[in-house]
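> Any chance you can model this:
(2 chains)
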Amino acid sequence: MPVDREARDVYLAALDDGWADPARLHAEGRRAKEMLDDVREEMAALLVAHPAHTHFAPTPAVSAERLIMGLAAARSGRFRVVASAVESAMITDAVHHVGPDALDSIPVDEHGRVRLDLLIRAVTVVDVAFIALQHANREVGTIQPVEDAHAAATVSKVPLVVDATASIGPLDPPREWDALLADPTSWGGPGGFGVLALRPNVRWLPCWPSGTPWATGSVGIPAALAAAAALRKSHASRQEATRKVAAATARLRRAIQSIPNSVLLGHPLDQMPHVTAVSFVYADAVAVARALDACGFAVGCGCTCGRHPSGPCPALTAMGAMTHGAIRLGLHPGIVDEDIDALGAALIGAVHSVRLSLGAPQ
Amino acid sequence: MTSSASDIVEVDARGLGNPTTFIHVAKSTRYLSRGTTVVVRADDDSAAIDFPAWAEWAGHAIDPIEPAPEGGYLVRLEVLKGSRKTQHAVESSLASRKGMTR
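Okay, the predicted model is just below:
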């Protein structure tokens, strides 16, 4: 989603005010350090985390890599990482890095929700380093049973990493985690900034020879301030935004249901309010996305979890969904009914013309 | 598409992509009755990933996909429901196209 206007203003102001390296001793450096400490306090409060255990990294992927390396190092002798089959590449790549055979991938149901029974069984064996579970799936919007997973993790004394990089903003931050990953782009903050938080009792070991364990050098202070400003605003407007965006999603889905041979993906109830994922059978998703782009609508297709941008999405495959013709529509809270109706009409036209050009059943 | 005496229909979808593989299979199987076995020869890797989900949606039972000796792979389907939804859609699409050529 586009960067929030107020967050953008905060970013620009901080370019003047917080340009200095917070590690330096001069007045500008001390000022930058002060700004960074303040924003860490605020970010921790908004995420219901502890400020001393809330860290910033140059990107969400770097925060995931450092976190996973640090947790794995602290849990030496336990080699298995239990994770749902729909975790993003950011998580699974970092797990492969710490142990090529470490990943124990737990299947998901047809809605993309992790099979809790299988997850609980996998966690009871003593060789588990940690569990990784996303708060909600970025491809189809399904909310994962994070609370139940955390209960199982607590019983087995295994830390739970919750990847909330797609969900905070549309949803309240999750409460049940031992380590949390967040991405300001999901709540209208700037890109190129990662946030992670640990519960004070979670053990990890720094895995980098020098510097802070989470970011070599420093992080961008303007990005930190803008991220916190956007999250503050997102918190304040969430209830109203959720109501508006859920109504818009319902309106969009009614338009989609008039398109023959379309299959809505995701969970019927436990679903992020702004996401609609749909498979248009016998349509080529890339061609549909291009046609919508020409009408001024930015929609997602192909793999959004970071593996291969235009290839079949492994997350959709894991939930047994058709990958061809799969489109992901994320609605901005500012969207109005006229926009939805224009999007619906563009979608109906795009799917029809793409199918026609392929000689497909309509 | 050729029919043998024992109700096995072969469909050659080699050289097609995704979703054109499924468009070809849907058109080739639209009038088949329940219980008919369909053997599809195909070679598109991404279509191989989609076959189980497409078969379920279209109302066909599907066996595990096997590599074909001459390259590509073989998919064995059994028509279960007569895939009414697809059939209806194919027919209406044909009807509309006839209308356009008039």
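> The residue nearest to the spatial centre of chain B is in what secondary structure piece?
Centroid-nearest residue in chain B: B:Val25, 2.6 Å away (criterion: Cα atoms, centre = their mean). With secondary structure defined by DSSP states H and E, B:Val25 is part of helix B:20-28.
> Which strands and helices lie in contact with that helix?
With contacts taken as 3 or more Cβ pairs under 8 Å, 6 or more residues apart in numbering or on different chains; DSSP states H and E, helix B:20-28 sits against strand B:8-12, strand B:37-42, helix B:45-58, helix B:84-101. Every residue, glycine included, has its C-beta placed from N, CA and C.
> Other residues contacting that helix?
A:281-282, A:324, A:358-361, B:1, B:9, B:11, B:13, B:16, B:38, B:40, B:42, B:44, B:47, B:50, B:54, B:58, B:86, B:90 (Cβ atoms under 8 Å, 6 or more residues apart in numbering or on different chains).
> Which ChimeraX command selects the buried ones in those?
Buried subset of those, written as a ChimeraX selection, criterion 16 or more other Cβ atoms under 10 Å in any protein chain shown:
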select /A:281,282,324,358,360,361 /B:9,11,13,16,38,40,42,44,47,50,54,58,86,90
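> looking at the helices and strands packed on helix B:20-28, which has the lowest confidence?
When the helices and strands packed on helix B:20-28 are compared on mean pLDDT, helix B:84-101 scores lowest, with a mean of 39.
> A:Ser353 and A:Ala283, how far apart?
A:Ser353 sits 10 Å away from A:Ala283 when distances are taken as Cβ to Cβ, to the nearest Å.
> Of the two, give the one with the bigger neighbour count.
Applying other Cβ atoms under 10 Å in any protein chain shown to A:Ser353 and A:Ala283 shows that A:Ala283 carries more neighbours, namely 30 against 14.
> quick one: A:Gly188 and A:His235 touch, right?
No: counting by Cβ atoms under 8 Å, no contact exists between A:Gly188 and A:His235, whose distance comes to 11.2 Å.
> pLDDT at the closest residue to A:Pro51 other than its chain neighbours, what is it?
In space, A:Pro51 comes closest to A:Ala44 once its chain neighbours are excluded; the distance is 4.0 Å by Cβ to Cβ, 6 or more residues apart in numbering or on different chains. We note a pLDDT of 98 for A:Ala44 in this prediction.
> so who does A:Ala44 touch?
With contacts defined as Cβ under 8 Å, 6+ apart, A:Ala44 is in contact with A:50-51, A:53-54, A:197.
> among those, which ones are buried?
Those of these that meet the buried threshold are A:53-54, A:197, by 16+ other Cβ under 10 Å.
> would you turn the residues you listed into CSV with pLDDT?
Formatted as CSV, those follow (pLDDT from 0 to 100):
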residue, pLDDT
A:His53, 95
A:Thr54, 96
A:Ala197, 97
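> what would these look like in JSON lines with secondary structure?
Output for the buried ones among the contacts of A:Ala44, formatted as JSON lines (DSSP: H, G, I helix; E, B strand; the rest coil):
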{"residue": "A:His53", "secondary structure": "helix"}
{"residue": "A:Thr54", "secondary structure": "strand"}
{"residue": "A:Ala197", "secondary structure": "strand"}
